[in-house]
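> Model the structure of this input:
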Amino acid sequence: MESDYSKLYAGSFIVVQLITQNLENEGITPIIKDETESARLAGFGTAAYGFQELFVHTSETSKAEVIIANTLEGF
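Numbering: from 1, shown residues only. Purely as a prediction, here's the structure:
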């Protein structure tokens, strides 16, 4: 199954939130996948606490990659 979204970043909750804010400031709405929260809601535990994946629509990938790169320069 092919998706219209591309995973552009995976990392800590804090960094993903910063990237999300910067993307939204430029009109891009990302999708955040949080396995920890999904596992918690299902009643399971996970070792990857605070790990999230960030996806954007494929039509916004190029613009989002630049924003993500600029955001990560500070780290």
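> Quick check: which element contains residue 55?
Residue 55 belongs to strand 51-57 when elements are defined using DSSP states H and E.
> so what does the next helix or strand after that strand touch, helix or strand wise?
Downstream of strand 51-57, the first helix or strand assigned by DSSP H and E is helix 61-72. Judged by 3 or more CB pairs under 8 Å, 6 or more residues apart in numbering; DSSP states H and E, the packing partners of helix 61-72 are strand 5-12, helix 13-25. Quick note: C-beta positions are derived from backbone N, CA and C, even for glycine.
> And residue 75, how close does it get to residue 58?
26 Å (CB to CB, to the nearest Å).
> Just put the helices and strands packed on helix 61-72 in a markdown table and tack on distance to residue 68, mean neighbour count and mean pLDDT.
A markdown table is the format used below for the helices and strands packed on helix 61-72 (distance: least, CB to CB, whole Å; neighbours: other CB atoms under 10 Å; pLDDT from 0 to 100):
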| stretch | distance to residue 68 | mean neighbour count | mean pLDDT |
| --- | --- | --- | --- |
| strand 5-12 | 6 | 15 | 95 |
| helix 13-25 | 6 | 16 | 96 |
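> how many other residues sit next to residue 56?
Neighbours of residue 56 under the rule other CB atoms under 10 Å: 24.
> residue closest to the middle of this structure?
What sits nearest the mean C-alpha location of the chain, by CA atoms, centre = their mean, is residue 54, with 1.7 Å.
> what's residue 14 in contact with, if anything?
Residue 14 makes contact with residue 50, according to CB atoms under 8 Å, 6 or more residues apart in numbering.
> Any idea which helix or strand in this protein has the lowest mean pLDDT?
None of the helices or strands of the chain scores lower by mean pLDDT, DSSP states H and E than helix 35-42, at a mean of 60.
> How far does the strand holding residue 55 sit from its chain's centre?
Centroid separation between strand 51-57 and its chain, computed with CA atoms, centre = their mean, to the nearest Å, is 3 Å.
> By neighbour count, which bits of that strand are buried? Give me those.
Buried residues in strand 51-57, counted by 16 or more other CB atoms under 10 Å: 51, 52, 53, 54, 55, 56.
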